[in-house]
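Engineer: generate a structure from the sequence data that follows.
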Amino acid sequence: MGYPGGVGTKARSEEKLATYRAKRDFAVTAEPPGGAEGDGPGGRFVVQRHRARRLHYDFRLEVDGVLASWAVPKGPTLDPKAKRLAVHVEDHPIEYRDFEGVIPAASTAAAT
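Structural biologist: Numbers count the residues shown, from 1 in each chain. Down below sits the predicted model:
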């Protein structure tokens, strides 16, 4: 289910996750492959600490049944004058809201 006026169909979510799935080997990584539909109007978000090539944070915003995602290399700040770069990355499945775990180096996702 998407936000009012959004597409929000399961087929659209599947299409949006194609890049995410193509970058991962789910036989190697514990990351969720996706498939669950959003259970509300959307708009929820999560900030995740992520160590890949180097420590960074990911900001994910629920939109149209997926988590639109951005990598934030320098992490969040409490200084309202500080600017932080956020790099758009592939959409992630809704299940990523609650994902915690180690992403093996053999998975291509560990490098992003």
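Engineer: report the beta-bridge partner residues of V72.
Structural biologist: Y57 (DSSP bridges).
Engineer: for it, what are its contacts?
Structural biologist: Counting by CB atoms under 8 Å, 6 or more residues apart in numbering, V72 makes contact with V47, H56, Y57, D58, F59, R84, L85, A86, V87. (Glycine included, C-beta is placed from N, CA and C.)
Engineer: name the strands paired with the one helix or strand H50 maps to and say parallel or antiparallel.
Structural biologist: Applying DSSP states H and E as the criterion places H50 in strand 45-51. As defined by DSSP bridges, the strand partners of strand 45-51 come to strand 55-63 (antiparallel).
Engineer: got the CA positions of the partner strand in CSV?
Structural biologist: What follows is strand 55-63 as a C-alpha-only set of coordinates in CSV (Å, rounded to 0.1, in the frame of the first residue of the first chain):
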residue,chain,number,x,y,z
LEU,A,55,31.4,3.2,8.2
HIS,A,56,28.5,5.2,7.0
TYR,A,57,24.7,5.6,7.7
ASP,A,58,21.8,4.8,5.5
PHE,A,59,18.6,6.9,5.5
ARG,A,60,15.5,5.0,4.3
LEU,A,61,12.0,6.4,3.7
GLU,A,62,9.0,4.3,3.0
VAL,A,63,7.4,5.2,-0.3
